[in-house]
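Enquirer: pasting the sequence and the predicted coordinates here, then a few questions.
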Amino acid sequence: MAAGPVRRTQAQRAEATVGALVTAARELFAAEGYDATSLAAVATRAQVTKGAVYHHFDGKRQLFEAVLTREIDHLTERLVAAYRGHEDPWRAFRAACRAFLEACLAPDVQRIVLLDALTALGWQDTRRLEAPLLDMMEVAITRAVDAGSIPARPANPLAHFLFGALCETAMTVARADDRSAAHRDAVAEIERILDGVAVCAGP
């Protein structure tokens with residue numbers, strides 16, 4: 001006798017609904033922007049009722065927070081992959097910095113992470129959600145110090161300085177008329193700064 005259809009648990013159904021809502025919201029936030037996206041449009045794209053949206057999220061702001069959290073997770077994975085491609089910890093750090101700027105060339109990442117996050121969530125909550133990126137930078141700087149790749153120093157101040165520089169640089173590229181040229185100039189300048197931090201400047 002053939003087995004009957006497998007019934008999903010309530011928790012599985014809820015997880016699937018949340019996943020569909022976050023995916024639909026990301027698509028709309030990326031295409032239309034935070035301000036122009038309505039919860040009704042998200043519900044329609046996710047093929048659920050508007051009531052289902054409010055069952056899982058307090059409102060558009062919380063839904064955007066879930067989208068940004070997923071974006072940060074994806075960025076983290078990309079930067080870790082770039083970092084692991086180098087044995088020397090400072091070269092690895094530099095590769096991760098370049099990977100961040102490259103990731104921010106994507107229009108959807110630019111819109112969600114760089115252009116709309118501060119408007120939707122404010123500085124404090126945006127930085128809270130971006131904390132994994134900053135923490136990763138601090139760990140990487142500590143490893144570079146321990147390896148003698150850069151002079152000994154507290155990792156936290158340098159991590160904040162470089163994180164701010166990268167975020168502002170990525171924002172400038174996102175708003176530039178010629179983004180490709182702005183990106184090339186940004187990478188070159190970041191490389192010069194990282195050269196200056198290192199004990200021995202390298203390519």
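Expert: Now that the structure is in, tell me what you want to look at. Bear in mind the structure is a predicted one, so any value in this text is a computation, not a measurement.

Enquirer: okay, which residue is most central for the chain?
Expert: residue 72 (3.2 Å; C-alpha atoms, centre = their mean).

Enquirer: pLDDT below threshold where in this structure?
Expert: Residue ranges of the chain with pLDDT under 70: 1-7, 199-203.

Enquirer: all helices of it, in order?
Expert: Along the chain, counting by DSSP state H, helices occupy 10-32, 39-46, 50-56, 60-83, 89-103, 107-109, 117-129, 131-146, 155-175, 179-197.

Enquirer: give me whichever of those helices is most buried.
Expert: Greatest average neighbour count among these goes to helix 89-103 (a mean of 21), per mean count of other C-beta atoms under 10 Å. All C-beta spots, glycine's among them, are computed from the backbone N, C-alpha and C.

Enquirer: with just CA atoms, put that helix into PDB.
Expert: Taking C-alpha atoms only, helix 89-103 is exported to PDB below (Å, rounded to 0.1, in the frame of the first residue of the first chain):
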ATOM      1  CA  PRO A  89      46.100  36.200   8.100                       C
ATOM      2  CA  TRP A  90      46.700  39.700   6.900                       C
ATOM      3  CA  ARG A  91      46.400  38.700   3.200                       C
ATOM      4  CA  ALA A  92      43.300  36.800   4.200                       C
ATOM      5  CA  PHE A  93      41.900  39.900   5.800                       C
ATOM      6  CA  ARG A  94      42.600  42.000   2.700                       C
ATOM      7  CA  ALA A  95      40.900  39.400   0.600                       C
ATOM      8  CA  ALA A  96      37.800  39.500   2.800                       C
ATOM      9  CA  CYS A  97      37.800  43.300   2.500                       C
ATOM     10  CA  ARG A  98      37.900  43.100  -1.300                       C
ATOM     11  CA  ALA A  99      35.100  40.500  -1.200                       C
ATOM     12  CA  PHE A 100      33.000  42.800   0.900                       C
ATOM     13  CA  LEU A 101      33.400  45.700  -1.600                       C
ATOM     14  CA  GLU A 102      32.700  43.300  -4.500                       C
ATOM     15  CA  ALA A 103      29.600  41.900  -2.900                       C
END
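
Enquirer: show me the contact partners of it.
Expert: 75, 78-86, 109, 133, 136-137, 140-141, 143-144, 146-147, 149-150, 162, 166, 169-170, 173, 183, 186-187, 190-191, 194, 198, 202 (C-beta atoms under 8 Å, 6 or more residues apart in numbering).

Enquirer: same question, stretch 107-121
Expert: Contacts of stretch 107-121 (C-beta under 8 Å, 6+ apart): 26, 29-30, 33-35, 60-61, 64-65, 67-68, 71-72, 75, 103-104, 126, 129, 167, 170-171, 174-175.

Enquirer: check stretch 31-50 too.
Expert: Contacts of stretch 31-50 (C-beta under 8 Å, 6+ apart): 17, 20-21, 23-25, 27-29, 52-54, 59-60, 63-64, 111, 115-116, 119-120.
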